[in-house]
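J.: please work out how this folds:
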Amino acid sequence: MLARKLDNVAYEEQQYTIEEVQVRHQQKKADKHKVLRRRICVIMAAVLSTYMYSVWRSADVVHFGKEIIALQSMERQLINKNNELKIEVEKLKGPGRIIRFAERELGMSVARSNIYVKTGAVKNNGGPAVLASK
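T.: Down below sits the predicted model:
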């Protein structure tokens, strides 16, 4: 039975003409070219998608860089404003301003005979040192 099958296959192969064999050979080549084209298309799609992703990410990096620069300049402005406000607070806290306010607005006057100053270098045994009198 196996011998008959082999004989039938051999007989069928002999029946093909040269033209049919050439057509089959060209079809096989065309199929190989289709596979090659598909592989090239897949590779090109992968490369293109990778490129587009990298462009998108670099655009994000640029955007975030601009945001960081804007925030840094805002930080510098706020630090400068904070320093200005600290200076203004120190001016407003000063005793000279309080004395002027008391004299102008409240009609008070400073008693020059009762001004006391604490000294840091001299030990004070029990009380403040009287430094000024009119």
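
J.: gap between Glu67 and Val61?
T.: Applying CB to CB, to the nearest Å, the value for Glu67 to Val61 is 11 Å. For glycine as for every other residue, the C-beta is placed from the backbone atoms N, C-alpha and C.

J.: by contact count, what packs against the helix or strand that contains Arg37?
T.: In the assignment (DSSP states H and E), Arg37 maps to helix 18-93. Using 3 or more CB pairs under 8 Å, 6 or more residues apart in numbering; DSSP states H and E as the contact test, no helix or strand touches helix 18-93.

J.: which is the next helix or strand following it?
T.: helix 95-105.

J.: so what's the backbone phi/psi at Val110?
T.: Per-residue torsions, Val110: phi -80, psi 130 (degrees, to the nearest 10).

J.: wait, isn't it in contact with Ile99?
T.: Yes: counting by CB atoms under 8 Å, Val110 touches Ile99, with 5.9 Å between them.

J.: distance from the chain centre to the helix holding Arg37, please.
T.: Put simply, helix 18-93 sits 14 Å off its chain's centre (CA atoms, centre = their mean, to the nearest Å).
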